[in-house]
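*Asks:* A predicted structure for the sequence below; I have some questions about it.
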Amino acid sequence: MPVEFAGKVLTDGVSSVPYLPEVLQLLPWAALVYVLRWFFGGQTNKVDRVMHGKVVMVTGGTSGLGAAIVEDLASKGAQIILLVRSTHDSWLVDYISDLRARYSNTLIYAEECDLSSLHSVRVFCTKWLDNSPPRRLDSIVLAAGIMAPPFTARTLTKDGVEAHWGIDYLANYHFLTLMLPALKVQPPDRDVRVLVATCPAYIVGELDLNDPEFLQRGYPARRPWLVYGAAKIALMALVAELQRQLDEYKRPDGMPMNVKMYSVDPGIMRSPGSRRWLSLGSVIGLLVYLVTWPIWWIVLKSTSDGAQSFLAGLYDPEYSRGQGGGLIRECTLSPFRKPEIGSDVLGQQLCEISKLQVEQLEKESALARAREKQRQKQQSQQDGSDDKGETAGGNGTTEEPPSKQKKEGSEGKKVAFSEDVDVDDKTEASATETSKSASKRRPRKKKV
């Protein structure tokens, strides 16, 4: 068939084959699209690694970039712990069930760790650390984050912090610093890696440690990338500082530190966050995005393409022997485009400010929870007294002596109250115990 087709074209000409002239006219444009798509797709990870038995924590693993990373890890048999906002979600159950069935991997779980709440982060980390012997942990992938579109109002986390600073940086700082003990106790022969997602927008960010939430400067609603980029600058500086702390740590067994941390730039992708940013978070903008989707398909990476740098950081043995604390971009180590990110002075100041801010926010959060708990207790006592009054005043009943009523009523309340203490007080202690012990070693708070 191909020989006959070529012979017909050579003997009778191109026009003898229906639609062939039109196809030949479109062929250069198709080749151009292919070349552009290949160029903007970036580098591909070419290194593989056995992940069976490896334990990997992932934030943001249910959509976008994180989902692409999770799918590759699941296909290699890794045990994956998805850190999600809430485990009470039927969609999440279906998502995990689908992953397990598709890749024949039953070692995929979900744990609640809401990055918009520092208390939720502490509860998870405390639960993870409260185990003997220490749990196995091979890798942490922090891929969650938010990027507000232009012309949107300032949003806050559950702790009252500006959302970019609170979720993209402060929650990751809280998580990593709490999980450092779990990383330090891993056996010396275990290859432990921590990868934190950043973005090219850090180049245009404006970080001011005296005003990280843009309170004094005013929130730039027209240019939210200034706030987003500032959070990413702080996050990258944190990764470099934590790697320095790990390198300086002396293991009890005298072996060298085996934990490597990297910032990873996946590039600009067609992720849900980018789609929301390009559409300005509006329905009309979404329609425009759908109409212009062929352009974005060419010039923006897919989430699978963006995940390649993360997969290289997880699989390539070079990153277990390297210095750590650097930036992985296009599957290779790249220099920071802002040299101050690697400064130890910036890292130390950033950790000091973040420590004070987290400490203050956790105290305020604990007080708010205590007030809410007291309010609920008073409400339950009031409801109980109302019910007792209705029972005593019922028709056709014989009233018992007041002393007996009081005794039985108090005993009933005592039982209910003791159950409340057994549940809530234990939860409160596990969530705040680490903070209280750590506050004894902290220096006096300074005004920033």
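*Replies:* Yep, that arrived.
*Asks:* for the stretch 101-250 of the chain, what spans make up the strands?
*Replies:* 108-112, 139-142, 192-197 (DSSP state E, counting those that start in this stretch).
*Asks:* mind putting those strands in JSON lines, mean neighbour count included?
*Replies:* From N, CA and C alone the C-beta is placed, and that goes for glycine too. As requested, the strands of the stretch 101-250 of the chain are exported to JSON lines (neighbours: other CB atoms under 10 Å):
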{"stretch": "strand 108-112", "mean neighbour count": "16"}
{"stretch": "strand 139-142", "mean neighbour count": "25"}
{"stretch": "strand 192-197", "mean neighbour count": "24"}
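*Asks:* what's the closest of those to Ala366?
*Replies:* Nearest of those to Ala366, taken as CB to CB: strand 108-112 at 18.6 Å.
*Asks:* What lies in contact with the closest one?
*Replies:* Residues outside strand 108-112 that contact it (CB atoms under 8 Å, 6 or more residues apart in numbering) are 70, 74, 79-87, 92, 96, 99-100, 120, 123-124.
*Asks:* at 6 Å what do you get?
*Replies:* 80-84, 87, 92, 96, 99-100 (CB atoms under 6 Å, 6 or more residues apart in numbering).
*Asks:* Make a ChimeraX selection of the buried ones in those.
*Replies:* Those of those that count as buried under 16 or more other CB atoms under 10 Å are selected in ChimeraX with:
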select :80,81,82,83,84,92,96,99
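*Asks:* which of the contacts of strand 108-112 lies closest to Glu372?
*Replies:* Closest to Glu372, out of all of the contacts of strand 108-112 and judged by CB to CB, is Thr87, at 21.8 Å.
*Asks:* so where's the stretch 151-300 of the chain shaky on pLDDT?
*Replies:* Nowhere does the stretch 151-300 of the chain drop to pLDDT under 70.
*Asks:* circling back: tell me the least confident of the contacts of strand 108-112?
*Replies:* When the contacts of strand 108-112 are sorted by pLDDT, the bottom entry is Thr87 at 91.
*Asks:* hang on, the earlier thing: which of the contacts of strand 108-112 fall within helices?
*Replies:* 92, 96, 99-100 (DSSP state H).
*Asks:* what about the host helix or strand of Glu364, distance to the chain center?
*Replies:* Using DSSP states H and E, the element containing Glu364 is helix 344-392. Helix 344-392 has its C-alpha centroid displaced from the chain centroid by 24 Å (CA atoms, centre = their mean, to the nearest Å).
*Asks:* And that helix, what does it pack against?
*Replies:* With contacts defined as 3 or more CB pairs under 6 Å, 6 or more residues apart in numbering; DSSP states H and E, the packing partners of helix 344-392 are helix 118-129, helix 225-248.
*Asks:* The residue lying closest to Glu241 once chain neighbours are set aside: what's it in contact with?
*Replies:* Among residues not flanking Glu241 along the chain, Gly347 sits closest, at 2.8 Å (CB to CB, 6 or more residues apart in numbering). Residues near Gly347 by CB under 6 Å, 6+ apart: 237, 240-241.
*Asks:* Neighbour count and distance to Leu27 added to those residues, as CSV?
*Replies:* Output for the contacts of Gly347, formatted as CSV (neighbours: other CB atoms under 10 Å; distance: CB to CB, whole Å):
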residue, neighbour count, distance to Leu27
Ala237, 29, 49
Ala240, 23, 49
Glu241, 23, 53
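*Asks:* can I get the residues you listed in JSON lines with distance to Thr198?
*Replies:* Shown next, in JSON lines, are these (distance: CB to CB, whole Å):
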{"residue": "Ala237", "distance to Thr198": "11"}
{"residue": "Ala240", "distance to Thr198": "12"}
{"residue": "Glu241", "distance to Thr198": "15"}
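*Asks:* So the closest residue in space to Gln357 that isn't next to it in sequence versus Val227, what's the distance?
*Replies:* Take Gln357 and drop its neighbours on the chain: the residue closest to it by CB to CB, 6+ apart is Leu170, 6.9 Å away. Distance from Leu170 to Val227, counting by CB to CB, to the nearest Å: 13 Å.
*Asks:* And Glu372, by the same measure?
*Replies:* 30 Å.
*Asks:* quick one on the thing from earlier: for the strands of the stretch 101-250 of the chain, which one sits closest to Gln379?
*Replies:* strand 108-112 (26.0 Å).
*Asks:* Run me through the strand neighbours of the closest one, direction for each.
*Replies:* Looking at strand 108-112 with DSSP bridges, its partner strands are strand 79-84 (parallel).
*Asks:* quick check: angle from the strand it pairs with to helix 118-129?
*Replies:* 160 degrees (axes from the mean of the first three to the mean of the last three CA atoms, to 10 degrees).
*Asks:* what's strand 79-84 in contact with?
*Replies:* Defining contact as CB under 6 Å, 6+ apart, one finds that strand 79-84 is touched by 55-59, 61, 70, 73, 107-111, 113.
*Asks:* hmm, try it at 8 Å
*Replies:* Residues contacting strand 79-84 (CB under 8 Å, 6+ apart): 53-59, 61-62, 70, 73-74, 92, 96, 105, 107-113, 124, 144.
*Asks:* May I see the ChimeraX selection of the buried members of those residues?
*Replies:* The buried residues among those can be selected in ChimeraX (16+ other CB under 10 Å) with this line:
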select :54,55,56,57,58,59,61,62,70,73,74,92,96,105,107,108,110,113,124,144
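*Asks:* Just give the nearest non-adjacent residue to the residue nearest the centre of the chain, would you?
*Replies:* Nearest to the mean C-alpha position of the chain, by CA atoms, centre = their mean, lies Ala144 at 3.0 Å. Leaving aside its sequence neighbours, Ala144 sits nearest to Gly60 (CB to CB, 6+ apart; 3.1 Å).
*Asks:* Phe214 too?
*Replies:* Nearest one to Phe214, counting by CB to CB, 6+ apart, is Val227 at 5.6 Å.
*Asks:* Equivalent analysis for Gln348, please.
*Replies:* Nearest non-adjacent residue to Gln348, counting by CB to CB, 6+ apart: Glu241, 6.7 Å away.
*Asks:* what's the answer for Leu286, then?
*Replies:* Ser279 (4.3 Å).
*Asks:* residue contacts, the one you found?
*Replies:* Taking CB under 8 Å, 6+ apart, we find Ser279 in contact with 149, 285-286, 288-289.
*Asks:* same question, Trp165
*Replies:* Neighbouring residues of Trp165 by CB under 8 Å, 6+ apart: 212-213, 227, 230-231, 234.
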